[in-house]
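Trainee: no sequence for this one, just the structure:
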């Protein structure tokens, strides 16, 4: 089979046994890779209602066929599991170099179950698998652990996906880290990895994998390079230079970014509070060099360093827009050094910045409304915009000290523990929301609530830039069905192929991903097949949730985030988003029963590859 390693690795950490299986061509064709292939395998391998932290729970690391094939912006891999946050399906992806290196080590995916008898790591070396003692790495933060593993292996050219202390202590905000500051962050995959006492998956190899049409693939690359040279879009140029931080100022003042834990608006924040966190301003002060993921010609990331300021930081990744939003505008914080410090702490301890920041913003609103005393917060005066307090509470969470022990469970667990603050929770099925406001882009509300992986801004539906359309266009729900459905199909292909979403939105021609996948694999991903794949991919992820007992009524999003009640000032004043109307349209287009969001048997048969789902949903 072309374009794939053609092998799946299954490891049982309890018995220390491994099994290598061939990746069937029909499964590769129908599920491609990433979250789609991961969902297909976990659906078959993991019993329904499995506790995420049990031995039967399966954790998967899945590449995409674009990985290691020279496809531009084709360097992302996915970690899949059952989420300890939502209790349902979870996938989170990351860039850097790990995915391509895992594929070149001989496997398209690695699936792990069982629990080690002591801290361990897996080392895959050109197909050979070892389970090694990691007791001496346990407790180390991300960079220290990476460096120690590199020293032990004796080779810098390895891929390392690991957990830091957050995952070791099973915080449901724990991420899987790679390349020092890249991460599969959301939904608690690091906690699942920690429950297995698995410190790291380490990969090395140079196994040659040939695409189906090498010459045509090279020609396509040249064609895309020429196309990109002719792009003359100022925003694209700004994005290439500053990454997602280029959007911060416009997003805050335009109404896309949370202000004061989603309770405020652009009317509550000043230019003096916003501009220090805007990408171009931060780059002037802190940027040291550019950072580029595997086969990415854009290089939208950067390495920062903070020297002569209150919170000095050695080399660290530039915070992305989400981190700026949640540690900035959402807390009325204007100190860039504080944001960089919190960002670095989260990376080093292995935390999802969105959930940590969302938890702090929730606590901040509670405190400012008199629900907590300063003594209950370990003496931390968590007033809006207090940078010292924000850094201090982040340190408490990362080091699991004082109130930080309670906050390690996220905002929902903290509200339950204290039995207060429920009215200020901003969640989708239990997970804190990203920094794109549905009141600004209505499609985000449907996406947060009803994607099989809830609360994610990088899932399919309305594209993020759609929020910049005029009100008469973006709030016109008569056209929502097609926009939402087409967006679902588009992003399922992007994520499963292993492509960067910014390629889909800006830096690749629209049809490039399907062309790449066809040339790499030899399968024909024509327009009809791409459409069918998009529905199949969404459906296999959704089917995991259905088997857990979830139905449409069980997926929810905080009312404040969709304008219930509507804001009275700012860019989104008067807007209430009808996520149910949008969901009705989407489920109809997907071929689902609208009332409970269950795909019809006819739909499943037409999609193909869904035999196990049919048996569960429609037993004879």
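Mentor: Arrived safely. Predicted model only: the values in this text are computed from it and were never measured. Numbers count the residues shown, from 1 in each chain.
Trainee: From here on, just use CA atoms for contacts and neighbour counts.
Mentor: Noted.
Trainee: what are the phi and psi values for the closest residue to residue 350 other than its chain neighbours?
Mentor: Among residues not flanking residue 350 along the chain, residue 164 sits closest, at 4.8 Å (CA to CA, 6 or more residues apart in numbering). Backbone torsions for residue 164, taken as degrees, to the nearest 10, come to phi -110, psi -170.
Trainee: List the contacts of residue 164.
Mentor: 139-142, 145, 177, 199, 348-350 (CA atoms under 8 Å, 6 or more residues apart in numbering).
Trainee: same thing with residue 425?
Mentor: Residues near residue 425 by CA under 8 Å, 6+ apart: 362, 411-412, 558.
Trainee: ok so, going back, so of the contacts of residue 164, which ones are in strands?
Mentor: 177, 199 (DSSP state E).
Trainee: What about the contacts of residue 164, which one has the most neighbours?
Mentor: In terms of neighbour count, residue 350 stands highest of these at 33 neighbours, by other CA atoms under 10 Å.
Trainee: Now for that residue: which residues touch it?
Mentor: Contacts of residue 350 by CA under 8 Å, 6+ apart are 141-142, 163-167, 174-177, 190.
Trainee: Try it again at 7 Å.
Mentor: Neighbour list for residue 350: 142, 163-167, 174-177 [criterion: CA atoms under 7 Å, 6 or more residues apart in numbering].
Trainee: what residue is smack in the middle of this structure?
Mentor: With distances taken as CA atoms, centre = their mean, the chain has residue 92 as the residue nearest its mean C-alpha position (4.0 Å).
Trainee: and the host helix or strand of that residue, what does it pack onto?
Mentor: Assigned by DSSP states H and E, residue 92 belongs to strand 89-94. In terms of contacts (3 or more CA pairs under 7 Å, 6 or more residues apart in numbering; DSSP states H and E), strand 89-94 is packed against strand 77-82, strand 182-184, helix 527-547.
Trainee: highest average neighbour count across those?
Mentor: With neighbours defined as mean count of other CA atoms under 10 Å, the helices and strands packed on strand 89-94 peak in mean count at strand 77-82, which reaches a mean of 30.
Trainee: Give the partner strands of it in its sheet and their orientations.
Mentor: Strand 77-82 has its sheet partners listed here by DSSP bridges as strand 59-62 (antiparallel), strand 89-94 (antiparallel).
Trainee: now that strand against helix 527-547, angle please.
Mentor: 30 degrees (axes from the mean of the first three to the mean of the last three CA atoms, to 10 degrees).
Trainee: what mean pLDDT does strand 77-82 have?
Mentor: In this model, strand 77-82 has a mean pLDDT of 98.
Trainee: same deal with stretch 212-222?
Mentor: On average, the pLDDT along stretch 212-222 is 97.
Trainee: same deal with stretch 28-48?
Mentor: 98.
Trainee: before we move on, back to that, ok, and what's touching the helix or strand that the strand holding residue 92 is followed by?
Mentor: Scanning forward in sequence from strand 89-94 by DSSP H and E, the next helix or strand is helix 98-104. Applying CA under 7 Å, 6+ apart, the contact partners of helix 98-104 are 5, 63, 67-68, 75-77, 159-161, 178, 203-208.
Trainee: which of the residues in helix 98-104 are buried?
Mentor: Within helix 98-104, the residues that count as buried by 16 or more other CA atoms under 10 Å are 98-104.
Trainee: next helix or strand past that helix?
Mentor: Criterion used, DSSP H and E; the element after helix 98-104 is strand 109-113.
Trainee: Residue 433 is in contact with residue 455, isn't it?
Mentor: Yes - using CA atoms under 7 Å, residue 433 is in contact with residue 455, at 5.5 Å.
Trainee: Quick one: distance of the strand holding residue 92 to the chain centre.
Mentor: Chain-centre distance of strand 89-94: 6 Å, with CA atoms, centre = their mean, to the nearest Å.
Trainee: Also stretch 360-372?
Mentor: 27 Å.
Trainee: contacts for it?
Mentor: The contact list for stretch 360-372 (CA under 7 Å, 6+ apart) reads 261, 330-331, 373, 382-384, 411, 421, 424-425.
Trainee: next one: stretch 284-292 to chain centre, how far?
Mentor: 23 Å.
Trainee: Sketch out the helices for the stretch 501-620 of the chain, chain order is fine.
Mentor: 501-502, 512-521, 527-547, 579-590, 601-607, 611-617 (DSSP state H, counting those that start in this stretch).
Trainee: Output those as TSV; include the columns distance to residue 251.
Mentor: Listed next are the helices of the stretch 501-620 of the chain as TSV, based on distance: least, CA to CA, whole Å:
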stretch	distance to residue 251
helix 501-502	17
helix 512-521	28
helix 527-547	29
helix 579-590	22
helix 601-607	39
helix 611-617	41
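Trainee: any low-confidence regions in the stretch 251-400 of the chain?
Mentor: Along the stretch 251-400 of the chain, no part satisfies pLDDT under 70.
Trainee: isn't residue 410 right next to residue 359, touching?
Mentor: Yes - the pair residue 410 / residue 359 is scored as a contact, 5.7 Å apart, by CA under 7 Å.
Trainee: what's the domain layout of the protein?
Mentor: The chain is divided into the following domains under automatic domain parsing: 7-204, 232-432, 443-452+474-617.
Trainee: which residue packs closest to residue 109, ignoring adjacent ones?
Mentor: Distance criterion CA to CA, 6+ apart; nearest residue to residue 109, sequence neighbours excluded, is residue 62 at 4.3 Å.
Trainee: Residue 23 is nearest to which of the strands paired with strand 77-82?
Mentor: The closest of the strands paired with strand 77-82 to residue 23 is strand 59-62. By CA to CA, the value is 12.2 Å.
Trainee: for the closest one, the distance to its chain's centre please.
Mentor: Remark: strand 59-62 is offset 14 Å from the chain centroid, using CA atoms, centre = their mean.
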